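Asker: Provided below for reference: sequence and predicted model.
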Amino acid sequence: MSHPRKLLLSIAGLMALLVALFPMLPSGAVSVPPPTMSFALDGNFGSSTGGATLTPVANCPQASGTPCNSSTGWGSDLEGDYWTWRSTASVGGGLRLTSSAPVGSTYTMAIKFSFSSVSQSATGYSKIIDYVNRTTDDGFYFQNGKLKFYPGGTTSASTYAANRVLD
């Protein structure tokens, strides 16, 4: 079964993906450092800050358990520019981040996305972000219309409809 997904970006320059490292700050101090990595996804996968790349995973079919994209493309809608993919693999597809910059244990990520279907798999779990290079199931998921950090994390109180842009 094919599952379309979109990463979206507003034309006004909002970032579709932002990874910033935050140093430990004294109590009460408010300081936001510039992003270490920033991707606009406005027709290319380049980082505006350099030192990192986004690469689409391989085309389907691949060995069982290997992410792959059966189709990919760029588009634009009322939410802005986006990159979309479909995957026939049970483990999905998407993009892989490679960085020469160190990513510490504390960081921030901002992402906009939508799913074309509320239930993407037999279990209802669809991984949005994998933090550990597919070595565990730990990650950020869309499960039957709700957002969930797994394992043991919180689940969103709201249920989100298919094709709703979340950011």
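Answerer: Done, it's in. Residues are numbered from 1 along each chain as shown.

Asker: wait, isn't residue 115 in contact with residue 162?
Answerer: Yes: with contact defined as CB atoms under 8 Å, residue 115 counts as touching residue 162 (6.2 Å). Backbone N, C-alpha and C define where each C-beta goes, glycine included.

Asker: higher neighbour count, those two?
Answerer: residue 115 (21 against 12; other CB atoms under 10 Å).

Asker: now do that one against residue 80, distance only.
Answerer: 17 Å (CB to CB, to the nearest Å).

Asker: stretch 46-54: end-to-end distance?
Answerer: Criterion CA to CA, to the nearest Å; first-to-last residue distance in stretch 46-54 is 7 Å.

Asker: buried set for that stretch?
Answerer: Within stretch 46-54, the residues that count as buried by 16 or more other CB atoms under 10 Å are 47, 49, 52, 53, 54.

Asker: of all those, which comes closest to residue 67?
Answerer: Residue 67 has its nearest neighbour among the buried residues of stretch 46-54 in residue 54, at 13.8 Å by CB to CB.

Asker: and the closest one, what's its pLDDT?
Answerer: In this model, residue 54 is scored at 91, pLDDT.

Asker: now do residue 138
Answerer: On the pLDDT scale, residue 138 is placed at 90.

Asker: could you do residue 31 as well?
Answerer: With respect to pLDDT, residue 31 scores 78.

Asker: same thing with residue 98?
Answerer: Per-residue pLDDT puts residue 98 at 87.

Asker: and residue 119, by the same measure?
Answerer: At residue 119, the predicted lDDT confidence score is 69.

Asker: the one 10 residues further on now?
Answerer: Confidence at residue 129, expressed as pLDDT, is 88.

Asker: phi and psi next, for it.
Answerer: Per-residue torsions, residue 129: phi -130, psi 130 (degrees, to the nearest 10).

Asker: does it have beta-bridge partners, and which?
Answerer: Per DSSP bridges, the residues bridged to residue 129 are residue 140.

Asker: surely it meets residue 107?
Answerer: No: using CB under 8 Å, residue 129 is not in contact with residue 107, being 11.5 Å away.

Asker: if I look at residue 38, how far off is residue 111?
Answerer: Taking CB to CB, one finds residue 38 at 12 Å from residue 111.
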